[in-house]
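Asks: model this:
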Amino acid sequence: ILHGLATYGVAGHAILKSCCDYDAARLKSLSVRFSAPVYPGETIRTEIWKTGNKVQYRARVLERDLVVLSHGVAELA
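Replies: Next comes the predicted model:
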């Protein structure tokens, strides 16, 4: 089983890349609910919705069509 923090890191990287242009100073906070395990070799897709200075997100495992991180919120500076 892939450790939950590794999945959290994948989602955080996706937010930094797509919403912050890799500027970590722009990311004020990051929260999420761990909803299911991820197994080695599975593909994680982070789905992001930007609303003002907040970003809502979730992560889905494509092979099982299962949400593994849900209710994610990131606050941007």
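
Asks: make it CA atoms for all contacts and neighbour counts henceforth
Replies: Fine.

Asks: Spell out, range by range, the strands that occur in the protein.
Replies: 27-34, 44-51, 54-61, 66-76 (DSSP state E).

Asks: Would you indicate which residues of the last one are buried?
Replies: When you say that, I think you mean strand 66-76. 67-70, 72-76 (16 or more other C-alpha atoms under 10 Å).

Asks: export the residues you listed to TSV and tack on distance to residue 42 and pLDDT?
Replies: Below are these laid out as TSV (distance: C-alpha to C-alpha, whole Å; pLDDT from 0 to 100):
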residue	distance to residue 42	pLDDT
67	12	97
68	11	97
69	14	97
70	17	98
72	20	97
73	23	98
74	24	97
75	28	97
76	29	96
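
Asks: now, which of the residues you listed sits nearest residue 20?
Replies: Of all the buried residues of strand 66-76, residue 20 sits closest to residue 76, with 7.9 Å by C-alpha to C-alpha.

Asks: Contact partners for the closest one?
Replies: Contact analysis of residue 76 by C-alpha atoms under 8 Å, 6 or more residues apart in numbering lists 20, 26-29, 53-55.

Asks: wait, which of these is closest to residue 11?
Replies: The closest of these, once distances to residue 11 are taken by C-alpha to C-alpha, is residue 55, at 11.8 Å.

Asks: surely the closest one meets residue 71?
Replies: No. Residue 55 is not in contact with residue 71 according to C-alpha atoms under 8 Å; the separation is 10.6 Å.

Asks: What's the separation between the closest residue to residue 11 other than its chain neighbours and residue 58?
Replies: Nearest residue to residue 11, sequence neighbours excluded (C-alpha to C-alpha, 6 or more residues apart in numbering): residue 46, at 5.8 Å. For residue 46, the distance to residue 58 equals 6 Å [C-alpha to C-alpha, to the nearest Å].
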